[in-house]
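Asks: fold the following and give me the result.
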Amino acid sequence: MAANDGIKTEGPRYRSRDRVRADRTDLLYKDIPEGETLMSIKDLHVVYKTDESETTAVENFSLDVKKGELVSIVGPSGCGKTTILRCIAGLLQPTSGTITMGGKPCTAPGSDRGMVFQDFALFPWRSVKQNVEFGMEVAGVPKAEREERAMRYIKAVGLEDFADSRIYELSGGMKQRVGIARALVMHPAVTLMDEPFGALDAQTRNIMQEQLTRILMHSERTIIFITHSVDEALFLSDRVVILTKRPSTVYKVIDVPWERPRDRASPEFTKLRRDILDYLENQNVMSDDAGIVSRKKPKKGFGLSMFKSKEEPKVSSESATSATDPSLNEKQN
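Replies: Purely as a prediction, here's the structure:
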């Protein structure tokens, strides 16, 4: 039993120090209290250059992310949300500015930041369970523990009946559930989600939001969540960061003060949603349930048409609520 983290370590590749780095990077920051700053982004500036021109995508973006919170970043299409997330992930080097976590620079990809992509990025030749286990395999986690943890998170996203299914057999919504389970099972210090539910139909999107909410209620997670939807941001977030149009910077940060789960029909929810829409209208943009669109007449192919529903196999209500499993309660780890 490792003295520093209480996690069993076995096998020649499986030393406690390596495991904390690769498999439980959240433990690297266990001395930072919940609610204190975990990640700090200062004066981020990103310029895309070609031989003929240069475009400023992000300008003087600054944000402190607190441990244990979900922060949503909302802004007009093309404003630079994904660019910011790629910089945080270490996939793109900013032109200037700094990103630190626990006071240490984040200049390259690392296992302390888990990524959930909109386009899934799964291995189609592997089963659901094998996809979720992949990161733990690389980290050298013993097989028995690897399988137990994978199944815990597969159940959390309502896919226990599909654990042995191949990825190509799944619908888009089910694939995204696999991506979320694969990211969360590794316990990254920060999970980055790039519009993970943006391509899903409305019903599946609501189910996914509710499942993520239940996971948040049973485990301490720090998440940066990119979305076009104000409704989604309010339902999930502790804070909502509103960006300006490109070049993006922080326009407003709004606290969401309610406990989870939340009632979208409550007067408080409706009022804060209206307040955010007012802020967006001051930026000459407006929002609806599906996304943010220009107040002016939208261009062809822009706006609601970007979020047309896709048919998906329905998952049983029993599976959809399975994330209440108390085994997800990891705050004691």
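Asks: what about the strands in this protein?
Replies: 37-49, 54-66, 70-74, 96-101, 104-105, 113-116, 190-194, 223-227, 239-243, 250-255, 285-287, 292-294 (DSSP state E).
Asks: let me know the pLDDT of the residue lying closest to V253 once chain neighbours are set aside.
Replies: Computed as C-beta to C-beta, 6 or more residues apart in numbering, the closest residue to V253 that is not its neighbour in sequence is V241, at 5.3 Å. C-betas here are computed from N, CA, C, even on glycine. On pLDDT, V241 comes in at 95.
Asks: isn't V241 right up against L63?
Replies: Yes. Using C-beta atoms under 8 Å, V241 is in contact with L63, at 6.2 Å.
Asks: out of these two, which sits in the more crowded spot?
Replies: Neighbours per residue (other C-beta atoms under 10 Å) separate V241 from L63, with V241 holding more: 23 against 19.
Asks: what's opposite that one in the beta bridge?
Replies: Assessed by DSSP bridges, V241 has beta-bridge partners I73, V253.
Asks: in contact with K67, which residues?
Replies: By C-beta atoms under 8 Å, 6 or more residues apart in numbering, K67 lies in contact with 29, 32-38, 220, 222.
Asks: to clarify, my last question referred to F235.
Replies: Applying C-beta under 8 Å, 6+ apart to F235 gives the contacts 209, 213, 262, 264.
Asks: give me the buried subset of these.
Replies: 209, 213, 262 (16 or more other C-beta atoms under 10 Å).
Asks: for the second one, give its distance to D238.
Replies: Taking C-beta to C-beta, to the nearest Å as the measure, T213 falls 12 Å from D238.
Asks: can you check the last one too?
Replies: R262 sits 11 Å away from D238 when distances are taken as C-beta to C-beta.
Asks: ok, F134 - contacts?
Replies: Counting by C-beta under 8 Å, 6+ apart, F134 touches 123, 126, 182.
Asks: just among the residues you listed, which is most surrounded?
Replies: Each of those was scored for neighbours by other C-beta under 10 Å, and R182 scores highest at 27 neighbours.
Asks: tally of neighbours for the closest residue to it other than its chain neighbours?
Replies: Distances taken as C-beta to C-beta, 6+ apart place V132 nearest to R182, at 4.9 Å, with adjacent residues excluded. Neighbour count of V132, defined by other C-beta under 10 Å: 32.
Asks: my read: V132 touches E148, true?
Replies: No. Under the criterion of C-beta under 8 Å, V132 makes no contact with E148, lying 11.4 Å away.
Asks: middle-most residue in the protein, spatially?
Replies: Nearest to the geometric centre of the chain sits M193, at 2.6 Å (C-alpha atoms, centre = their mean).
Asks: and that one, what is it in contact with?
Replies: If you count contacts by C-beta under 8 Å, 6+ apart, M193 has them with 115-116, 180, 223-226.
Asks: neighbour count and distance to G75 added to those residues, as TSV?
Replies: As requested, the contacts of M193 are exported to TSV (neighbours: other C-beta atoms under 10 Å; distance: C-beta to C-beta, whole Å):
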residue	neighbour count	distance to G75
M115	22	19
V116	23	19
I180	23	23
I223	25	17
I224	24	13
F225	25	13
I226	21	9
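Asks: as TSV, those residues with distance to G102 would be great.
Replies: Below are those laid out as TSV (distance: C-beta to C-beta, whole Å):
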residue	distance to G102
M115	19
V116	22
I180	24
I223	17
I224	16
F225	21
I226	23
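Asks: kindly indicate which of these lies nearest S53.
Replies: I226 (26.0 Å; C-beta to C-beta).
Asks: just list whatever residues bridge to the closest one.
Replies: Counting by DSSP bridges, I226 is bridged to I73, D194.
Asks: and it, what does it touch?
Replies: By C-beta under 8 Å, 6+ apart, the contact set of I226 is 72-73, 81-82, 85, 193-195.
Asks: type out the ChimeraX command that picks the buried ones from the residues you listed.
Replies: Buried subset of the contacts of I226, written as a ChimeraX selection, criterion 16+ other C-beta under 10 Å:
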select :72,73,81,82,85,193,194,195
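Asks: from the contacts of I226, which is closest to M136?
Replies: M193 (20.1 Å).
Asks: now the closest one: how far from Q130?
Replies: Distance from M193 to Q130, by C-beta to C-beta: 22 Å.
Asks: what two of the contacts of I226 have the greatest distance between them?
Replies: Every pair in those was compared (C-beta to C-beta); the two farthest apart turn out to be S72 and T82, at 13.8 Å.
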